[in-house]
Every structure is written in structure tokens, then in C-alpha cells.
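1. everything below, folded, please.
(chains A and B)
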Amino acid sequence: MSVNVPPDLKYTKSHEWLRTDGAVATIGITDHAQHELTDVVFVELPAMGRSLKAGESCAVVESVKTASDIYSPVSGEVVEVNGELTGHPDLVNTEPYVSGWFFKIRLSQPAELDRLMSAEDYTKQIAP
Amino acid sequence: MLKKTPLHATHQKLGARLVEFGGWEMPLYYSSILEEHRAVRTAAGIFDISHMGEIDARGPRALEFVNFVLTNDARKLAAGQGQYTLMCNEHGGTIDDLYLYRIDAEEYLMVVNAARIGADFAWLERQRAAFPGRNGVELENRSDELAAVAVQGPKAAGFIDHVFQPGAQMAASLQKNEVVRLSFAGRIAFVSRTGYTGEDGFEIVAPADCIEAVWNKLFDAGKSSGLKPAGLGARDTLRTEAGYPLYGHELDEDISPLEAGVGFFVSLSKGEFIGRAALVQQKAAGTSRKLVGFKMEERSAPPRPGYPIWSASGGKTPMGRVTSGTQSPSLGIGIGLGFVAPEFSPANTAIGIEVRGKQLPAKVATRPIYRRS
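-> Numbering: from 1, shown residues only, chains lettered A, B, ... in the order given. Sure thing, here's the model as predicted:
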């Protein structure tokens, strides 16, 4: 199965992706991660306004088989969460980079972005 | 080193995601657990169950022997019939749960759990050595030479007969729990109307070297009916919805069939058998815990094995633990099995399932937890 790793995003070792738009970053889990998790049936999102540190566990994704913690790739305040996932957790499987996003965060330490992985490095990490 | 079934290459060709299960490398899913689950509930699914073990008991004293080591009443079986049964130790704990088939007057076939083959066969050998009629019963572990597939779902009976050579009795005319010896490419296959999904269906035990041909022929015969290959993921959600126990979760050497709610398959009146005394006592005194099915009251993270079960009013300690749990693909809500104090076992009793520190409301459900209407 070929795994999609969009070149314009940043990645973490723990399989989150991040897309920046000015000072706000959108965060989700990668195509590889959703494939490993199998069918997602429940997503627990962080509270709006919660202030997160980079690497902090802040959401949970539950598939039929297993539960996984989601870690914030960067520090900042949660400014939006994807409420669609409550009724349609399967969006994480079908559109992990589009409608399957988890939350948006206002960056408090933009320099942290430089510590994230490029698409190329992430592709290497997940190579079988 | 994980063991591989004779269908391993077939699974790889089909793009299966393979995982470890009971010492075997088995498909977890091919496309998606939910899709495969739905295929079995609405059409049909085909499962590799070659990891399961097959043990033969043959001879003039075979009936007496299996009736002594197993809990159900084997005397009820005519040739060509099977029954779900359990093998207990002296304390009434469960060594394994299995299917017993009477193939012929003096030939029985036991289909046992993959992870228990070694333990079962060693136990059976020991019991045979101590059995007064030991010279009249022969045991053979045929787990390596035999393989098996299950075809499950409402459409299965529509195409199963396209696979085997026509004979006096065909698979689709079998009643539930009946077994027939059929011919496949000149070889003998045992086809039974059994399964562990809560759907109609068949299980086929055949020589390991022809199971791939059996699989392929079933696959082609069922294609137009919507047959899909299905993995252990769907097998687990299907049996959990059906409320069936899985060895290692709801049953083990310290859990009795009475506690696990499968007392129906224990015949205390058939005469002496291993574990009987302990089970008679348990039945008289009542068990201190009971296995129940339950449904979450609202959409939540699915319950998982090990999560504490609380009485609805709280209390200081949990009364039991979840043994199996998942999101029910058919109901769209969390379901599971777990042990509770006996007074909490009636249907609709309110209980609490602790999910990562939060106690969420659930209700005891009758088993099957889900049945297709």
C-alpha cells in the first residue's frame, strides 16, 4: 500500500503532521499513522484555549483495535478543534490531511518548527 | 520465530496487514476491519483459521474418554454431529474451549485454540495414560497436517456447494453443528455448519497442502455474492457482538465455564468427568463473579480489556474488569464482556466502565449483544 506524505507539511516522529498558516498551525495524524491504527472510531480532542507544550499528550485517537495518544508537535494555545470528528471519526482514515485534522494551535515558540521533520525525513522514518 | 499458515503467501498477495496472534503470523485485516465485519453481517467473509489445532480421538473407548475429559455430553452426538464443549481441570478451571465432532462411530475430532494446542495435547495424553480404557483410545495431534478456513455470513450457504464434489449429502443441507466428509480434488475435507461470528456459515478442515486451493475456489465461488477475505480484527468484533468467549480473555485455567456463562455446555448429569465435583460445588454455592455482556450508554472511547468495572453507585474498589471490548461496528457504540458481582449480572443493570480515569455509564446486555434482525 502506498502511503501519502505531502511534501509541504512538517512531521513528528510520533506521526503527527503540521501545516502552518501565519502564526496558526493545523495538526493531524499522518496517512501512515491512520493506516497503522486501522478504523478510527473515536477521537478525544483538547479543550479550546488549552495551552500546550511541545511534546505534550493532548488528544486520543481510538481505533477498533487500539488507543493512541496524540502529542502536540509545538507549544501554543488551542484556538480551534475539529468538531466534525465527533460524529465522523472515520474522516481520520479517509482524509487524514484534509477534513481529518484534529486541532489548530497559535504558536508561542515559532522556532520549534525548525525541529520538526521534513516530508523527506519522515518518509525515510516510515520506510519498511 | 512466528509460525505461518499454508495461506501466508495468499494473505500477502491480498495485501493483508499481518500481526502476531498466539505464536502465529495472521492477517489482522485486508481492507478494513469495519468493511470486513459488514461483509460477514450482510454477505460473507472468508477467514484463515489454520492456526487452530486438530486433535483426533479414535477407538472403541474414544466416546468414554472424550466424555470424561470434556464438559458437554458427548453421548448426544450421532456420527456427523458436533458440539461446543470445554475441557476443565480438577478445580473446574478451563484448559480450553473447543468444538467436538463425531466423524464416525469411533472417531472424534477436536478443534482447539491455536495457543492451547500444546497444553491441550499434553493434558489429553496425561489423562489417557491414567484412563482405565487407555488401550481402546488413540490420540493424534493433526494440527500440522491439517489446515482450516471459515466461511461466514448469510450468503455463505448459497455458494458453498460449488466448491466440493457432489455427494450424497452436501454442505448447504447441513443443520447447525452438523459435519460432513466431502471430497475436494480427491482429498477429504470436513465441512461443518459452525462458526464463531454469530452468523450462519461453515468451517472447512482440509489437508494443509490443499487448503490454498480450497480458499481460492471458495473465493471465486463467493465473489459474486460479495464474499471478502476477513482477518482477526473482524473475527474479534464479530464474536464480541455475539458475546462469545475467547480463550485467554473470558476463559482460562482459573475461570470456570459457569463463571464465564457457558454452563449450558456443561452436563453435570452425564456422569463423572474431570472438574465435575468442583463445578457441582460452584453451582450449589453460586459463583463469586459472573461474565456479562454490556453496552455503553453513550458514544465514548471504546472499552478495552483491563478497564475496571464499577457498580453504578461507585464504591471503593472496582468489582471486576473488562475482558473484551470494542466499538460495535453494527451498533456504533462501545460494547464488551467482563466480570461483575453476581447481583449485577441481570440484563439492564446499570454499571460503570472506567475509561482512562473517567467512569462512564453502561448497562448489562443479554448475549448476543447484537443480533441481526
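2. need the distance between the two termini of stretch A:42-55.
-> One end of stretch A:42-55 to the other measures 22 Å (CA to CA, to the nearest Å).
3. what are the contacting residues of that stretch?
-> Applying CB atoms under 8 Å, 6 or more residues apart in numbering or on different chains, the contact partners of stretch A:42-55 are A:58-62, A:71-82, A:85-86, A:89, A:92, A:102-103, A:105, A:108-109, A:112, A:115, B:299-302, B:327. From N, CA and C alone the C-beta is placed, and that goes for glycine too.
4. ChimeraX command to pick out the buried ones of these?
-> Command for ChimeraX that selects the buried part of the contacts of stretch A:42-55, burial taken from 16 or more other CB atoms under 10 Å in any protein chain shown:
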select /A:58,59,60,61,62,71,72,73,74,75,76,78,81,82,85,89,92,102,103,105,112 /B:300,301,302,327
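5. let's see which of the contacts of stretch A:42-55 end up in strands.
-> By the criterion of DSSP state E, membership of the contacts of stretch A:42-55 in strands covers A:58-62, A:71, A:76-81, A:103, A:105, B:327.
6. of all the residues you listed, which comes closest to B:Ala57?
-> Distances from B:Ala57 to the ones in strands among the contacts of stretch A:42-55, taken as CB to CB, are shortest for B:Gln327 (40.4 Å).
7. residues contacting residue 31?
-> Using chain A. A:Val3, A:Asn4, A:Val5, A:Pro96, A:Tyr97.
8. right idea, wrong chain: chain B
-> B:Lys228.
9. how far away is it from chain A?
-> 10 Å (CB to the nearest CB, to the nearest Å).
10. can you report phi and psi for B:Thr10?
-> The phi/psi pair for B:Thr10 (degrees, to the nearest 10) reads phi -60, psi -40.
11. quick one: average pLDDT of stretch A:66-81?
-> Stretch A:66-81 carries an average pLDDT of 96.
12. that stretch vs chain B: in contact?
-> Yes - applying CB under 8 Å from any CB of the partner chain, one finds stretch A:66-81 in contact with chain B at A:Ala67.
13. could you pull out the helices for the stretch 251-373 of chain B?
-> Under the criterion DSSP state H, counting those that start in this stretch, the stretch 251-373 of chain B contains helices at B:276-285.
14. gap between A:Met48 and B:Asp161?
-> 60 Å (CB to CB, to the nearest Å).
15. more neighbours: which of those two?
-> In terms of neighbours (other CB atoms under 10 Å in any protein chain shown), B:Asp161 is the more surrounded of A:Met48 and B:Asp161; the figures are 16 against 11.
16. what's the span of stretch B:57-74, first residue to last?
-> 12 Å.
17. circling back to that earlier point, let me know the closest of the ones in strands among the contacts of stretch A:42-55 to B:Met110.
-> For these, the residue nearest B:Met110 by CB to CB is B:Gln327; the value is 33.5 Å.
18. go ahead and confirm the closest one touches A:Thr66.
-> No - checked against CB atoms under 8 Å, the pair B:Gln327 and A:Thr66 is beyond contact range at 11.5 Å.
19. B:Glu54 should be in a strand, yeah?
-> Yes - remark: B:Glu54 belongs to a strand, assigned using DSSP: H, G, I helix; E, B strand; the rest coil.
20. what's near enough to touch it?
-> B:Leu109, B:Met110, B:Val111, B:Val112, B:Asn141, B:Arg142, B:Ser143, B:Leu146, B:Ala148, B:Val205.
21. how about the residues of the stretch 101-250 of chain B by chain A?
-> Applying CB under 8 Å from any CB, we find that the stretch 101-250 of chain B lies next to chain A at B:Gly233, B:Thr237.
22. which parts of the stretch 101-250 of chain B are helices?
-> According to DSSP H, counting those that start in this stretch, the helices that the stretch 101-250 of chain B contains are B:117-130, B:156-159, B:211-222, B:232-242.
23. could you dump the second one to CSV, C-alpha only?
-> As requested, the backbone C-alpha atoms of helix B:156-159 are provided in CSV (Å, rounded to 0.1, in the frame of the first residue of the first chain):
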residue,chain,number,x,y,z
ALA,B,156,-22.3,-18.5,2.5
ALA,B,157,-24.9,-21.3,2.1
GLY,B,158,-25.6,-20.0,-1.4
PHE,B,159,-22.2,-20.9,-2.9
